[in-house]
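Asker: How does the following fold in three dimensions:
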Amino acid sequence: MFSVSNISVYYPGQELLSAVSFNINAKDRLGLVGRNGSGKTTLLNIIAGLKKPDTGSVSIPTEKTLGYLKQEMDFELQHTVFERAMTAFSEINQLEADINRINALLIKFDDHNSNEYLRLINSLHDKHERLNYLEAANRDSHVEKILKGLGFKTSDFNRKIAELSGGWQMRVELTKILLLKPDLILLDEPTNHLDIESILWFEDYLRNYPGAVVLISHDKQFLDNICNRTIEIINGKIYDYKLNYSRFLELREERLETQKNAAKNQQRFIEQQERFIERFRAKNTKAKQVRSKLKKLEKIEKIEFDEVDTSSLSFRFSKAPQSGTIVFEGKNISKFYDSLCVFKDIDFEVERGESIAFVGKNGEGKTTFVKVLMKLLSHEGQLKQGYNTSIGYYAQIQENSFDDELTVLETISMQASGEWSNITRIRTLLGVFLFSEDDVDKKVKVLSGGEKSRLALAQLLLKPYNVLILDEPTNHLDIPSKEILKNALKEFSGTIILVSHDRDFLKGLTTKTYEFTNRKVKIYPGSIEDFLAVHQVDTFRDFELGLSQKAVKTQKTGLVNSEQKINYSERKEAEKDQRKLKNAISKLESKIEQIDKLLKELEKKMQEADFYKDMAFAKSTIEGYEKLKNENNLLMEEWEKLSFQE
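Answerer: Next comes the predicted model:
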């Protein structure tokens, strides 16, 4: 069990967290929720030991391990995907080295009853147990399984991390964390860079994960599918619900309504007492009652009402200066990383005033194409930028966009010019983006992902652009902030290019869709609804899974019509195959049970005081133990495959 005790964090003029306490139990699936800037990421950083609280502590048992996927990470760009994932096994390497070292020490002992000898025996047993839990013999297959689950192809394994987009780099780090099998996984917005197929795989993985999980997400469906517990941070305090996110929302409304009514009733009571005191204070006959009521008022503990922060940013982009009719024109645009083709021979033309959505699965080249447009990447083919084009660019990942040591105010001031040179105007602008007078003096490095997103959006207002290129701008924004951004984009008179998986955000906003698929770009006129209608799907989740409306309907009806058409002979054959499968599973289970019994007997023998008296026997026994363990692991993998087919 991990314990968070009386954690408080103070910023100038603000108490971000106030005496926060809770426990994280072994099988918890805990969703951490709250408005942007409420302290969610700060709390994860404290649990992970990356930040110290002003007061309080986090208790982590010595033998427990922890993995943390941050919103922003430093990547080892020189490694390949597979090499980086394999670095997860440093613990296995260390365990194997420790086991060899302990075995060498045990040989030298004559007194097999000494405390030191017994301590080493216990340590050896614990390390063997941990090595068995980590399934050291199957490390390569585990790396491949998780990489593929998160969307990597076998051909990607030898690609350099430097070649990948920020989202795919993040997936490599997530792979490493999952391979470590920590007792507690901390995840800060893990789905921001995952496509639907990977999200579904990840949901299933986390549901069956043997350790605890604490995650921050703005994805309501992901929270509902994973979490059995929700902690809300509001006004520095927490409320702990043993419920999923949707049920939490219902109970939160009930809690707020109860608090509001209690606060109103208390205030009404206080006003009644004050009116009595004021009216009869000067009358001797009522002096005793007045004193009594004064004492009651002094003892009243004021009910605090957790007013939900409903403030949201409100802004509009500057009027776009006139650009040429053609904003971008590309012929035979191609991008390769060595022999890997991202896209090839793309012809396109972007006209002034168009609002274009870039859609497609992760890894199909959307962000790479944006970087080509921004001249951040080299490419093949001819690309022309139109007359008098000024581009405002919002990058998918913001960590490289700012100097972490500057304050919010300094960050904006350095880029401000002309009408924005006035410090009062800059402070007003930051206020529009929900940065209070105290917030503007925060250093960028302490900002949450949502706050950095708002800061990046604020920068786009400093100049009058006529082209906005926004790569996943809603990733770190809460729902109210998304709506405000959408409304501002609707009023923008220039050209817009949007990369997004968020259908609700794109709805009513775009006039053309570029679909990135199979190293090509297909262009569809019309809104995002028109695009989804062409693909016969209702949602991006269905589109990315390749499910048409017909297929979805068929799934929901359980393939009733197809089942009715199966003839007698096919059904008998299916029953025969099912019997074979059950028999094979039963045989495997018997073998696994026998080997488990043998392993336990060997473990008991290895813990005996005189086990190492005959070193040849000890060595032979350990080798036999490891061989049986590997055989057991292989049988378990086979059992899992067959059980999945059952």
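Asker: Residue 141 versus the residue nearest to the spatial centre of the chain, what's the distance?
Answerer: When the chain is reduced to its mean C-alpha position, the nearest residue by C-alpha atoms, centre = their mean turns out to be residue 190, at 1.5 Å. Distance, residue 190 to residue 141, using C-beta to C-beta, to the nearest Å: 23 Å. Quick note: C-beta positions are derived from backbone N, CA and C, even for glycine.
Asker: Report the contact partners of the residue nearest to the centre of the chain.
Answerer: 69, 174, 202, 215, 217 (C-beta atoms under 8 Å, 6 or more residues apart in numbering).
Asker: For beta bridges, what are the partners of the first one?
Answerer: By that I understand residue 69. With DSSP bridges as the criterion, residue 69 is bridged to residue 187.
Asker: That one reaches residue 186, doesn't it?
Answerer: Yes. Using C-beta atoms under 8 Å as the test, residue 69 is close enough to residue 186 to be in contact (7.0 Å).
Asker: So if I had to pick from those two, which one is more boxed in?
Answerer: Ranked by neighbour count (other C-beta atoms under 10 Å), residue 69 and residue 186 place residue 186 first, with 26 against 20.
Asker: List the buried residues of the helix or strand residue 620 falls within.
Answerer: Using DSSP states H and E, residue 620 falls within helix 615-645. Within helix 615-645, the residues that qualify as buried are 618, 621, 622, 625, 626, 628, 629, 632, 633, 635, 639, counting by 16 or more other C-beta atoms under 10 Å.
Asker: do the same with stretch 131-151
Answerer: Residues 131-132, 134-137, 139, 142-143, 145-151 are the ones in stretch 131-151 that count as buried (16+ other C-beta under 10 Å).
Asker: and the end-to-end length of that stretch?
Answerer: Start and end residues of stretch 131-151 are separated by 28 Å (C-alpha to C-alpha, to the nearest Å).
Asker: do the same with stretch 155-169
Answerer: 16 Å.
Asker: any idea of the mean pLDDT for it?
Answerer: Per-residue pLDDT over stretch 155-169 has a mean of 82.
Asker: and that stretch, which residues are buried?
Answerer: Buried-residue list, stretch 155-169, by 16+ other C-beta under 10 Å: 156, 157, 159, 161, 163, 164, 165, 166, 167, 168, 169.
Asker: ditto for stretch 108-125
Answerer: 109, 117, 120, 121, 124.
Asker: export these to a markdown table and tack on secondary structure and distance to residue 376?
Answerer: Shown next, in a markdown table, are the buried residues of stretch 108-125 (DSSP: H, G, I helix; E, B strand; the rest coil; distance: C-beta to C-beta, whole Å):
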| residue | secondary structure | distance to residue 376 |
| --- | --- | --- |
| 109 | coil | 63 |
| 117 | helix | 62 |
| 120 | helix | 56 |
| 121 | helix | 59 |
| 124 | helix | 54 |
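Asker: right, and out of these, which lies closest to residue 244?
Answerer: residue 124 (42.7 Å; C-beta to C-beta).
Asker: pretty sure the closest one is touching residue 103, no?
Answerer: Yes. Taking C-beta under 8 Å as the definition, residue 124 is a contact partner of residue 103 at 7.3 Å.
Asker: which ones are touching the residue nearest to residue 3 when sequence neighbours are not counted?
Answerer: With C-beta to C-beta, 6 or more residues apart in numbering as the criterion, residue 3 has its nearest non-adjacent residue at 4.1 Å, and that residue is residue 59. For residue 59, the residues meeting the contact criterion (C-beta under 8 Å, 6+ apart) are 2, 3, 5.
Asker: Go through those residues and single out the one with the most neighbours.
Answerer: residue 2 (20 neighbours).
Asker: hey, what's that one bridged with?
Answerer: Residues in a beta bridge with residue 2, per DSSP bridges, are residue 24.
Asker: Which residues are in contact with it?
Answerer: By C-beta under 8 Å, 6+ apart, the neighbours of residue 2 are 23, 24, 47, 58, 59, 60, 61, 64, 66, 184, 212.
Asker: neighbours around the first one, how many?
Answerer: What it means is residue 23. 12.
Asker: if I look at it, how far off is residue 76?
Answerer: Residue 23 is 34 Å from residue 76, by C-beta to C-beta.
Asker: Same question for the second one.
Answerer: In this view, residue 24 and residue 76 are 29 Å apart by C-beta to C-beta.
Asker: lowest-confidence helix or strand of the chain?
Answerer: Lowest by mean pLDDT, DSSP states H and E among the helices and strands of the chain is helix 560-565, with a mean of 43.
Asker: tell me which residues in the next helix or strand after that helix are buried?
Answerer: Downstream of helix 560-565, the next assigned helix or strand under DSSP H and E is helix 568-606. Within helix 568-606, the residues that count as buried by 16+ other C-beta under 10 Å are 585, 588, 592, 595, 599, 602, 606.
Asker: tell me what helix 568-606 is packed against?
Answerer: Helices and strands touching helix 568-606, by 3 or more C-beta pairs under 8 Å, 6 or more residues apart in numbering; DSSP states H and E, are helix 115-133, helix 615-645.
Asker: OK, contacts around the residue nearest to residue 473 when sequence neighbours are not counted?
Answerer: Nearest residue to residue 473 in three dimensions, chain neighbours excluded: residue 394, at 5.1 Å (C-beta to C-beta, 6+ apart). Contact partners of residue 394, counting by C-beta under 8 Å, 6+ apart, are 456, 457, 460, 468, 469, 470, 471, 473.
Asker: In helices, which of those appear?
Answerer: 456, 457 (DSSP state H).
Asker: Redo the contacts of residue 394 as JSON lines? Include distance to residue 38.
Answerer: Shown next, in JSON lines, are the contacts of residue 394 (distance: C-beta to C-beta, whole Å):
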{"residue": "456", "distance to residue 38": "20"}
{"residue": "457", "distance to residue 38": "19"}
{"residue": "460", "distance to residue 38": "25"}
{"residue": "468", "distance to residue 38": "29"}
{"residue": "469", "distance to residue 38": "30"}
{"residue": "470", "distance to residue 38": "25"}
{"residue": "471", "distance to residue 38": "26"}
{"residue": "473", "distance to residue 38": "21"}
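Asker: Most neighbours among the contacts of residue 394, which one?
Answerer: residue 473 (26 neighbours).
Asker: Poorly predicted segments of the stretch 1-150 of the chain, please.
Answerer: The model of the stretch 1-150 of the chain has pLDDT under 70 over residues 73-75.
Asker: All the helices of it, residue numbers only.
Answerer: 40-47, 81-86, 90-107, 115-133, 139-149 (DSSP state H, counting those that start in this stretch).
Asker: thinking again about what came up before, which among the contacts of residue 2 count as buried?
Answerer: Buried among the contacts of residue 2 by 16+ other C-beta under 10 Å: 24, 47, 58, 60, 66, 184, 212.
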